[in-house]
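1. how would this look folded up:
(2 chains)
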Amino acid sequence: MSPVSTELDRRFRDAAAREQLLDVAYDLVDTPIGTLLVAGTERGLCRIAYDAEPEREIDRLAHAFGVRVLRSPRPIDPARRQLDEYFEGERQRFDLAVDIALLTDFNRRVLRELARVPYGEVVTYGELAARAARPRAARAVGTVMNRNPLPIVLPCHRVIGANGKLVGYGGGLERKETLLRLEGARL
Amino acid sequence: MTPPPFERFYEEHREEIYAFLVRRLGRDRADDAFQETFLRALRAYPKLRHSEHLRAWAYTIASRIAIDEHRRPRADAELPELASLDGRPAFAELEHLAGELPPTERAAVVLRYGYDLDYADIGAALGSNATAARQAASAGIRRLRRKEAQ
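-> So this is what the prediction gives:
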């Protein structure tokens, strides 16, 4: 029995994306802080997952966006390239469309404000809440950060506690610290 | 239950579908047919309402594409042996006729007499074996005859 060649497999996965038949394309991306599962819809990047347990993540993506979820590297190439550049210290801003349409208004507002926090700078949860016009919602902002679908690209690692502590991070505090050090943030 | 994410469906069935297409079409033509099979499956996938018989469904699509490929003349490729399709009901008609059979019998009848698969392939498609496939096909035919006689 002749197995499906890597080339044929790749050809199909490319064609599926090219013909716009996918609800979600994803791929695994190697970085200095581990392998990430990076996924996108036609509208933009929709998920960056740490500790990519692909099976579980694929189920979640299918549930949220539709069953046509397929590993397809090509649509993820721009994100992969920009992440590579970021980790090499050569990129400070991501230039990628994001798809956060499924989130609540409040979530989207907070994430939009988060996206404006510059490279290498930090902001407190309370300050970010104030910028999103909900000054007393620091705790709710913490929850939004914790569930951020696009860590790194939407830089929730730049949000810290009022006492200067790192507090928490969906990918683990060690990663938060690594990212902030990479950006040269003063901690 | 809704069908699983497409990635899982593809991973589960791609090797056997490819092997099936190689047997039917030869390696030269199997690659294109493979891609077409799964692209066609992707197009139809959101319309599936349940996750039963996905394997038989994949074989049905692959068979259809293999038949189309056979009909298309191609001078440069050597054709593998194809059992004659003549004298058998066209698969479209058969699918219609067999519409009221229980799912397994229906799949066995359509794959055997409509797509000319051998019982080993049908067994694989149905997740059983050649003997069970033969039994399902003949049970289906008997049922159709009884229905016709009524």
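2. What lies in contact with stretch B:34-47?
-> Stretch B:34-47 is contacted by residues A:4, A:8, A:11-12, A:15-16, A:19, A:21-23, A:66-68, A:70, B:3, B:6, B:9-10, B:14, B:17-18, B:21, B:57-58, B:61-62, B:65 when judged by C-beta atoms under 8 Å, 6 or more residues apart in numbering or on different chains. The C-beta positions use only the backbone N, C-alpha and C, and glycine is treated the same way.
3. swap the cut-off to 6 Å and go again
-> Applying C-beta atoms under 6 Å, 6 or more residues apart in numbering or on different chains, the contact partners of stretch B:34-47 are A:12, A:15-16, A:21, A:68, B:6, B:18, B:21, B:61-62, B:65.
4. Show me which of these are buried.
-> A:12, A:15-16, A:21, A:68, B:6, B:18, B:21, B:61-62, B:65 (16 or more other C-beta atoms under 10 Å in any protein chain shown).
5. Secondary structure and pLDDT added to those residues, as JSON lines?
-> Converted to JSON lines, the buried ones among the contacts of stretch B:34-47 look like this (DSSP: H, G, I helix; E, B strand; the rest coil; pLDDT from 0 to 100):
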{"residue": "A:12", "secondary structure": "helix", "pLDDT": "98"}
{"residue": "A:15", "secondary structure": "helix", "pLDDT": "98"}
{"residue": "A:16", "secondary structure": "helix", "pLDDT": "98"}
{"residue": "A:21", "secondary structure": "coil", "pLDDT": "98"}
{"residue": "A:68", "secondary structure": "coil", "pLDDT": "98"}
{"residue": "B:6", "secondary structure": "helix", "pLDDT": "98"}
{"residue": "B:18", "secondary structure": "helix", "pLDDT": "97"}
{"residue": "B:21", "secondary structure": "helix", "pLDDT": "96"}
{"residue": "B:61", "secondary structure": "helix", "pLDDT": "95"}
{"residue": "B:62", "secondary structure": "helix", "pLDDT": "95"}
{"residue": "B:65", "secondary structure": "helix", "pLDDT": "94"}
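6. Could you count how many residues lie near residue A:90?
-> Applying other C-beta atoms under 10 Å in any protein chain shown, we find 9 residues neighbouring residue A:90.
7. Break down chain B into its helices, ranges please.
-> B:6-25, B:27-44, B:54-71, B:91-97, B:103-109, B:119-126, B:130-149 (DSSP state H).
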